[in-house]
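In: okay, predicted coordinates and the sequence, questions at the end:
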Number of protein chains: 2
Amino acid sequence: MKSFIPPQRTLMGPGPSDVSPRVLEALGRPTIGHLDPAFIGMMEEMKGLLQYAFATQNELTFPVSAPGSAGMETCFVNLVEPGDKVIVCQNGVFGGRMKENVERCGATAVMVEDEWGAVVDPQKVEEALKANPDAKIVAFVHAETSTGAQSDAKTLVELAHQHDCLTIVDAVTSLGGSPLKVDEWGIDAIYSGTQKCLSAPPGLSPVSFSERAAEVVKNRKTRVQSWFLDLSLVMGYWGGGGKRAYHHTAPINNLYGLHEALLILHEEGLENAWARHQHHHQALKAGLEALGMSFVVKEGDRLPQLNAVTIPEGVDDAEVRSILLNDYNLEIGAGLGNLAGKVWRIGLMGHASNPANIEYCLKSLDEVLSKMNAPITSGVAVPAAKAVLDGAAQAS
Amino acid sequence: MKSFIPPQRTLMGPGPSDVSPRVLEALGRPTIGHLDPAFIGMMEEMKGLLQYAFATQNELTFPVSAPGSAGMETCFVNLVEPGDKVIVCQNGVFGGRMKENVERCGATAVMVEDEWGAVVDPQKVEEALKANPDAKIVAFVHAETSTGAQSDAKTLVELAHQHDCLTIVDAVTSLGGSPLKVDEWGIDAIYSGTQKCLSAPPGLSPVSFSERAAEVVKNRKTRVQSWFLDLSLVMGYWGGGGKRAYHHTAPINNLYGLHEALLILHEEGLENAWARHQHHHQALKAGLEALGMSFVVKEGDRLPQLNAVTIPEGVDDAEVRSILLNDYNLEIGAGLGNLAGKVWRIGLMGHASNPANIEYCLKSLDEVLSKMNAPITSGVAVPAAKAVLDGAAQAS
């Protein structure tokens, strides 16, 4: 058996996205102790950087020591108690995971369902709120990674607050990639991932809780069912101030990587990063549409960082992805759940959202699909994308 | 704000331990997808390497995507159901954490208490088993990191099985450092950490479940309370065979590091690694005793990789550790819980268990304690350790 030397891929799936060489370098720096004052200084900086990324002043802002799914679970197990009622909006895979979380907390999930590919319908949410005056929380996915739909978080939070509900928001794919304003929108609890638009490796889940949410946690009647994710304990370590008490051993080197990734975002500027993702999405979209492919999500509701497009007729999903991976070292994403086999998910996330990737992806797709005699228009995708990238699209 | 450049420490606390440059290099390799066939090939190798480290053929052997505490929680939430009775042995901090886990599963913990620093007393466990014929599980810590005591896992498992109980064993600090034979001893569920004798960074928790334990999980009456840690779901990804289904996004780069760390263990050989830890422990012990320090745990019950010694009288715990850290870049561990302020915990784990570290630690302690006029014998520690390292101790 030998050391594992991974191939050098271009990661344009639903995450992980390409990781910047700066972040990879940070990961390999010498491990130090989780209670080392030097490490604790880094944690303080990380808190500030995460507050910047989330656009929040929330004190309770830190990375959970596990991937995004554990961030989701952190929000639910801390805010939900047995017997509670939670309105869960589902318009893709991750709303279903929220339901699982609610039920495993011994609570009831009232489902508000929308088509996969549609956004969460505020009107349906309002009806559910009216029909369930005892609901405590509204939970929804801001950026549904399984379809590429971006719901109107601001409106949904407003509605929830009008009915005296807290909100839990999945921002795994939106953080750092499209507008997200935790304080301005009044989001109560939010979780994200590191391997999407932050372009750090997977393994950590940034979360943030409003004061109101923190109060609810503080006033629980029952103990949090997870020891590992219990905020009252975790905050002894991440809570800031002078003393940091040992709770669990933090994933030191992964945190080096996240620190560097957040620093890169800070250097670029949050609004610039959002604009870059939007601009590159327009270019990729022009190319994909020139090929003849269509989007799952309707215009205006799309995430710039996650482009779900329908697979051309007669084309074998797995075969194309396999050729792209093996012959082009290019990863694009398969469909999940209801959309398995029907769509591809092309990510333009963080460090991976750049002109070279757009051209490479379009050129590769064009070549592979042409060889398979797929019903596409060959030779026009890259020029169409380039026109947008060069800013010429507007003039034409 | 700038990139975080950690200082280069010598890590001789209770973990994280010094990470090998080979492992650090592996961490920084390019991120690839969690469903990439190349990654899945690595996962297969990792399973084999973990089975080797645990000395088991258990199919259900994989690293949980979070630190050791989450490995503990994985064992408890999957095996324990509401209303169950679990015998929990406590002889330090981590038995207390097991109790927390049991109670948060809605089960009852029957505590078997031993002094901090003592091993788990099999006789007390037998009494508890006789008094609680309805107990389902016996849980204990093999290597208690808070005290350095090593309990007799083989005997405790035999007792549990005689009374038809399953066993959950904490091997966070023993894996790779001292004899641990999962199959030979019949352990049913075991969890460990990566940042101790495997000398990988923290963030993953290797676990292994016997067929009998897997059956119990399969036949649960209630759903596992954690979605993230639910084995029936996680195994869709880690279960092996052809198809790997997405459950959560694995911490890719951390897994590169663990693969390399396990490879290093495999190259050295498990029994050689155990012998090395034991040999170096003898050398450190000779040095510490020459200084005039005494062990918390009685001879014969000590973990070679975690040396808990009483702080000399009149010496300020925090001040010494702070001087060692700041002036010597040397981290040793503080006491936890009942032992806070009373002991130091000096780790000799994995890559950090080497002659240079032993000499450096003894020399540094000698210098700092001498300056503080502590009641120690100066100038003899390093020669005493060297005598053991050179194999001369036996002859003298």
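Out: Happy to help now that I have it. Note that the structure is predicted; figures quoted are calculated from it, not measured.

In: just checking, A:Tyr237 is part of a helix?
Out: Yes: counting by DSSP: H, G, I helix; E, B strand; the rest coil, A:Tyr237 is located in a helix.

In: same for the strand or helix carrying A:Leu50, what does it pack against?
Out: Assigned by DSSP states H and E, A:Leu50 falls within helix A:37-54. Counting contacts by 3 or more Cβ pairs under 8 Å, 6 or more residues apart in numbering or on different chains; DSSP states H and E, helix A:37-54 is packed against strand A:60-64, strand A:205-209, helix A:252-268. (Each C-beta comes from the backbone N, C-alpha and C, glycine too.)

In: do that again at 10 Å, thanks
Out: Applying 3 or more Cβ pairs under 10 Å, 6 or more residues apart in numbering or on different chains; DSSP states H and E, one finds that helix A:37-54 makes contact with strand A:60-64, helix A:182-185, strand A:205-209, helix A:231-238, helix A:252-268, helix A:270-291, helix B:317-328.

In: where does chain A dip in pLDDT?
Out: A:240-242, A:392-396 (pLDDT under 70).

In: so it: which segments form each domain?
Out: Residue ranges for the domains of chain A, per automatic domain parsing: A:20-267, A:270-389.

In: so which of the ones you listed is the most surrounded?
Out: domain A:20-267 (a mean of 22; mean count of other Cβ atoms under 10 Å in any protein chain shown).

In: now the residue nearest to A:Gln305 when sequence neighbours are not counted: how far from A:His351?
Out: Distance criterion Cβ to Cβ, 6 or more residues apart in numbering or on different chains; nearest residue to A:Gln305, sequence neighbours excluded, is A:Gly177 at 4.0 Å. Distance check for A:Gly177 against A:His351: by Cβ to Cβ, to the nearest Å, it reads 11 Å.

In: got any residues that touch both of the two?
Out: By Cβ atoms under 10 Å, 6 or more residues apart in numbering or on different chains, A:Gly177 and A:His351 have these common neighbours: A:Ser17, A:Cys197, A:Leu198, A:Ser199.

In: ok so the residue nearest to A:Gln305 is a helix residue?
Out: No: if the criterion is three-state DSSP, then A:Gly177 is coil and not within a helix.

In: how close does it get to A:Lys154?
Out: 17 Å.

In: swap in A:Met12?
Out: From A:Met12 over to A:Lys154 the distance is 29 Å, taken as Cβ to Cβ.

In: so what's A:Cys165 up against?
Out: Contact partners of A:Cys165, counting by Cβ under 10 Å, 6+ apart, are A:85-87, A:125, A:129, A:132-133, A:135-139, A:157, A:159, A:188.

In: filter those residues down to the ones in strands?
Out: Judged by DSSP state E, strands contain the following of the contacts of A:Cys165: A:Lys85, A:Val86, A:Ile87, A:Ile137, A:Val138, A:Ala139.

In: need those in JSON lines (columns: distance to A:Asn329).
Out: Listed next are the ones in strands among the contacts of A:Cys165 as JSON lines, based on distance: Cβ to Cβ, whole Å:
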{"residue": "A:Lys85", "distance to A:Asn329": "48"}
{"residue": "A:Val86", "distance to A:Asn329": "43"}
{"residue": "A:Ile87", "distance to A:Asn329": "43"}
{"residue": "A:Ile137", "distance to A:Asn329": "43"}
{"residue": "A:Val138", "distance to A:Asn329": "42"}
{"residue": "A:Ala139", "distance to A:Asn329": "38"}
